[in-house]
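Participant: I would like to see how this sequence folds:
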Amino acid sequence: MEEKESVKALFNTKIASDMQYNGKIVTILDYIKGKDIYCDRYVVKFPDGTIKDNIMSCELNFNYKQKNRERSR
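Facilitator: Numbers count the residues shown, from 1 in each chain. Take a look at the predicted model:
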């Protein structure tokens, strides 16, 4: 059986208790379909190993691009 590649997303929230993870890449562990896109929820794993559920889709950016390290001019 082949292992699926983990789905990653860039995390950004306005919830104060989770703001320490803003700008971090998280791994999506599970997806709970809601009645519409605004009610969809995700279970995510943060880089420090913390797992949290009830993450809204608006807090995740699946189309992120990792920043290239450029020298300052």
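Participant: by contact count, what packs against the strand ranked longest in the chain?
Facilitator: For the chain, the strand with the greatest residue count under DSSP state E is strand 25-32. The contact analysis (3 or more C-beta pairs under 8 Å, 6 or more residues apart in numbering; DSSP states H and E) places strand 25-32 against strand 7-11, strand 41-45, strand 51-56. Where C-beta positions appear, they are placed from N, C-alpha and C, glycine not excepted.
Participant: partners of the longest one in the sheet?
Facilitator: For strand 51-56, sheet partners with direction are given as strand 41-45 (antiparallel), following DSSP bridges.
Participant: what comes into contact with the partner strand?
Facilitator: Strand 41-45 is touched from outside by 9, 11, 26-32, 34, 51-57, 60, with contacts defined as C-beta atoms under 8 Å, 6 or more residues apart in numbering.
Participant: go with 10 Å
Facilitator: Strand 41-45 is contacted from outside by 6-9, 11, 18, 21, 24, 26-34, 50-57, 59-60, using C-beta atoms under 10 Å, 6 or more residues apart in numbering.
Participant: What of stretch 49-68?
Facilitator: Against stretch 49-68 from outside (C-beta under 10 Å, 6+ apart): 7-15, 17-18, 20-23, 25-32, 34, 36-46.
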